[in-house]
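In: build me a model:
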Amino acid sequence: MQTKIKSLALVLVVLASIVVVPLSFVVPASAAADMTPEQEADSFIYYRAIADCFNRSGGLAVSLTDVTAYNWFGGFAGSNSVAVGYMNGNGGTADCTDTGFVSRAMAAWGYTDGLTAWCDVMQLAGPYQDKPGIDQSGVTNRDCVKGNGTEVNTVDGGNRATSFKQAIETKYYGAPGAPQLSQRAQYFLYMKTFRTFCSADPVAQTAQATPSQQAIANTDKGYKIKTVNQTGGVEEWIYQANGTQDKNSRVTTYQEDTDGGEAFKPTCGELATWTNNAADAYGIWQSSHKEAGLPTSNSSSSSPTDSEAIGDCHGGGLNWILCPLISLIQTGTGLMDKFFISTLTVDVKPIFDTSTKSGNAYYTAWNSFRVLATALIIVAGLVMVMSQALGFDFLDAYTIR
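Out: The predicted structure follows:
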């Protein structure tokens, strides 16, 4: 009997833990945690590029007009070009003196005007004084304007870069330290960069490829890439470069460090490997965010489209007629599937519309039955578990069946 009581106690403890434990670990998400892979990759690139712009710009004074217009980096001792990868398909770099580039970067972190953005990220860069005549209503830290009202703080570029990085890390990422890419964001960044700069297009899905198509993957311009489709499925496709780029070609990805360093330039072969390593993580995310765009160079889907892939219906010389016929059949089947699903789907919104009197009454009645049914199922489940633990025969496994 003691053994049965212990078993019952163990069952109750397990059931209680199932209900209680999940409630104890609910942690509010930060702004960074809510980012899509694309936003995470964009923020990562912008963070490194803007920090390097601050480092390179030196300690020259910046006028209030220039600050407001995002013209933050007017003077350079050296190059004013920083790596932004796929954000600029024409070379992968941006000009620090390009006000549009700076404004887009700050907008990625929620800033809508240059003065607020500057004052927010420059809080650690030097002394501040109140600037009379500037609208202070609803905006904090606008006391960053210094001197006679025509210039803002003039400390050196290194301190400006440190101030910028600490502000973004604390305000946007919630903790100090340079931002790191999650695996799903790595897939987006590497796949987008690969499609943008390696000039490779899909040939065929590996599982359906002909021997000649399979051979492409073993050439200097061929790749096998795990490609995530719109629903989150991971499919391996054969890609082929059509330009001068091959597996050993290096492409601009992002700024390697934020202290005046060089751009990070991996080879197309390395990008393909890293893309494959992160594909599963991106697929898991995409499966629950089917409406999200996918990383390609020129379309909204990373899954190769019919127009991108080389048509091969394994019909030899009859491909010209078999491929369109098969495509027509697939389209017709898809339309029929949608029709049948629509006839089997009942839209309950008009019935349970709580904004109307009748809808609210229907919803209340249905909800009452739902609560009662759920309670009865739980009670019945507990009775069956306890009867098994105590060895009662009237509810043994065969009786329940």
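
In: so residue 370 is in which element?
Out: helix 357-390 (DSSP states H and E).

In: elements contacting that helix?
Out: helix 2-20 (3 or more CB pairs under 8 Å, 6 or more residues apart in numbering; DSSP states H and E). C-beta: built from backbone N, CA, C; applies to glycine.

In: helix or strand next in line after the helix it packs on, which one?
Out: helix 37-57.

In: got the end-to-end distance for stretch 51-66?
Out: Using CA to CA, to the nearest Å, the end-to-end distance of stretch 51-66 comes out at 18 Å.

In: swap that for stretch 193-211, sorry
Out: By CA to CA, one end of stretch 193-211 lies 28 Å from the other end.

In: buried residues, it. List them.
Out: By 16 or more other CB atoms under 10 Å, the buried positions in stretch 193-211 come out as 193-206, 209.

In: and for stretch 83-94?
Out: Here stretch 83-94 shows 83, 84, 85, 86, 87, 88, 92, 93, 94 as buried, counting by 16+ other CB under 10 Å.

In: got the residue ranges for the helices in the stretch 101-250 of the chain?
Out: Taking DSSP state H, counting those that start in this stretch, the helices of the stretch 101-250 of the chain run over residues 114-121, 157-171, 183-197, 211-216.

In: which of those helices sits most buried?
Out: Stretch with highest mean neighbour count among the helices of the stretch 101-250 of the chain: helix 183-197 (a mean of 25; mean count of other CB atoms under 10 Å).

In: is it correct that residue 117 is in contact with residue 106?
Out: Yes: here residue 117 reaches residue 106: they are 4.4 Å apart, a contact under CB atoms under 8 Å.

In: need the residues touching each of these two.
Out: Counting by CB atoms under 8 Å, 6 or more residues apart in numbering, the shared contacts of residue 117 and residue 106 are residue 70.

In: okay, now the spatially closest residue to residue 117 that is not a sequence neighbour: neighbour count?
Out: Nearest residue to residue 117, sequence neighbours excluded (CB to CB, 6 or more residues apart in numbering): residue 111, at 3.8 Å. The tally of other residues near residue 111 (other CB atoms under 10 Å) stands at 17.

In: where does the protein dip in pLDDT?
Out: 1-33, 58-61, 75-79, 123-158, 257-261, 291-294, 296-320, 355, 394-401 (pLDDT under 70).

In: dump the residue contacts of residue 223.
Out: By CB under 8 Å, 6+ apart, the neighbours of residue 223 are 200, 217, 238, 239, 240, 241, 247, 268, 269, 272.

In: angles on the backbone of the second one, please.
Out: Spelled out, it's residue 217. phi -60, psi -20 (degrees, to the nearest 10).

In: what about it, how many neighbours?
Out: Residue 217 has 19 nearby residues by other CB under 10 Å.

In: for the fifth one, same thing?
Out: Counted with other CB under 10 Å, the neighbours of residue 240 add up to 18.

In: wait, doesn't it sit right on residue 204?
Out: No: the criterion here is CB under 8 Å, and residue 240 misses it with residue 204 at 9.7 Å.
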